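>>> The following block contains a protein sequence and its predicted model.
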Amino acid sequence: MLQTEPKERKTYRQEWHEYNQAQTNEKSKLQHLLFELCQNIDEPPQVMGRPRAPLSDLIFASCMKVYTGMSGRRNQSDLRDALMRGYLSMPLHYNTIRKYLEREDLTAYLKELIIASSLPLKSVESDFAVDSSGFATGQFSRWFDAKYGEPMKQHDWIKVHLMCGVKTNIVTSVEVSHRHANDSPYLKPLLDTTTGSGFQVKELSADKGYDSFKNRCFVLVKGGIPYIPFREGEKNKPNPSGKGELWKRMYHLYKFQESEFKQHYHKRSNVETVFSMIKAKFGERLRSKTATAQINEVLCKVLCHNLCCVIQSMYELGIDVDFSAS
């Protein structure tokens, strides 16, 4: 039997000095960048009631709570330090932060900040990946198990859909849904947001959950090449009615240029890395009890992740970042 030489494993060089600089300065840099981002928030007018805390302060405090991973009470000392450094305009009680996380209007502000935090890397990212993952909540879902004849329960969870750049792992757009939502319909709004904020999409990698003719066409319309594998049912249809020549060209790339297709498709693993980074650093379980607060909490996790990616890029790629000029 012929013996084949083992393939040489591809390795990537780590810029250790820049990496160490980014890690040792991350918290202070993150506070500064987060403060600059929050200063761009337009405060909604208040026409009645007692004076409320500025929205910029509340978002800053919520994100710092998520970043440190502490409870609201134990996070108070960090907020006092932030107040002394000028990152907060007033002291904030932990119950105030908890209460404001339950506001539905906070979700739109957090999504805008996530988009704004990704913009410094527009010149770096051109290849993207999309996927979803679940974040567990403190609630349980119950059902009757027919096999064992007894009630069963498990942690409930929400689903986060996001698009990221494959070079720096920056998140360019995000959507949150219930746990049973299908992935495929979320490709269009995620890609729309990414291109709408100024990113040039040359490639988009996604798994079979996004396999649809409409999704592939939409990526092509946006100027990118869709690297989405075909499901078994689709592969048995050499020329589906109504899809024509365009479908055949996309299928030909997948079927007859397999090695080239896989080189591009496997960039999709970077979106798995993004979810792993967020869960490892900020936790895969949500502390909040209400549905709205859970959505806002997971968006705070994504925003903190983006700022960490920006800080890493500042040291490793030499990118200048100034959110105050936005």
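Okay, I see it. Keep in mind the model is a prediction, meaning the values are calculated, not measured.
>>> switch to C-alpha atoms for all contacts and neighbour counts from now on
OK.
>>> Could you name the specific helix or strand carrying Val130?
Secondary structure assigned from DSSP states H and E places Val130 in strand 127-145.
>>> no no, Arg74
Arg74 belongs to no helix or strand, assigned by DSSP H and E.
>>> Tell me, what's the model's pLDDT at it?
As predicted, Arg74 sits at a pLDDT of 92.
>>> and Phe230, which of the three is it?
Put simply, Phe230 is coil when judged by DSSP: H, G, I helix; E, B strand; the rest coil.
>>> which residues touch it?
When contacts are counted by C-alpha atoms under 8 Å, 6 or more residues apart in numbering, Phe230 touches 208, 211, 251, 254.
>>> Any figure for the gap between it and Thr273?
According to C-alpha to C-alpha, to the nearest Å, Phe230 and Thr273 sit 23 Å apart.
>>> Which of the helices and strands in the chain ranks last by mean pLDDT?
Within the chain, no helix or strand scores below helix 232-235, which has a mean of 61 by mean pLDDT, DSSP states H and E.
>>> Now do the buried residues in the helix or strand just after it.
Helices and strands here follow DSSP H and E; after helix 232-235, the next one along the chain is helix 244-256. Within helix 244-256, the residues that count as buried by 16 or more other C-alpha atoms under 10 Å are 247, 250-251, 254.
>>> likewise stretch 284-302?
Taking 16+ other C-alpha under 10 Å as the criterion, stretch 284-302 shows 284-288, 292-302 as buried.
>>> residue boundaries of the strands in the chain?
For the chain, strands defined by DSSP state E occupy the ranges 127-145, 150-165, 171-178, 203-205, 225-227.
>>> For Gln39, find the nearest of those strands.
strand 171-178 (20.4 Å; C-alpha to C-alpha).
>>> by contact count, what packs against the closest one?
With contacts defined as 3 or more C-alpha pairs under 8 Å, 6 or more residues apart in numbering; DSSP states H and E, strand 171-178 has these neighbours: helix 106-118, strand 150-165, helix 187-196, helix 291-316.
>>> rank these by pLDDT, which is bottom?
strand 150-165 (a mean of 79).
>>> Quick check: buried residues in stretch 116-133?
Across stretch 116-133, burial judged by 16+ other C-alpha under 10 Å covers 116-122, 124-133.
>>> Give me the contacts around that stretch.
37, 159-168, 170-172, 183, 187, 197-207, 267-268, 270-272, 275, 303, 306-307, 310, 319-321.
>>> And for stretch 103-115?
By C-alpha under 8 Å, 6+ apart, stretch 103-115 touches 37-38, 41, 59, 100, 171-174, 197, 292-293, 295-296, 299-300, 302-303, 306.
>>> Report the buried members of the contacts of stretch 116-133.
37, 159-166, 168, 170-172, 183, 187, 197, 199-207, 267-268, 270-272, 275, 303, 306-307, 310, 319, 321.
>>> picking that back up, mind putting the strands of the chain into a markdown table with distance to Ala53?
Output for the strands of the chain, formatted as a markdown table (distance: least, C-alpha to C-alpha, whole Å):
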| stretch | distance to Ala53 |
| --- | --- |
| strand 127-145 | 28 |
| strand 150-165 | 29 |
| strand 171-178 | 26 |
| strand 203-205 | 41 |
| strand 225-227 | 45 |
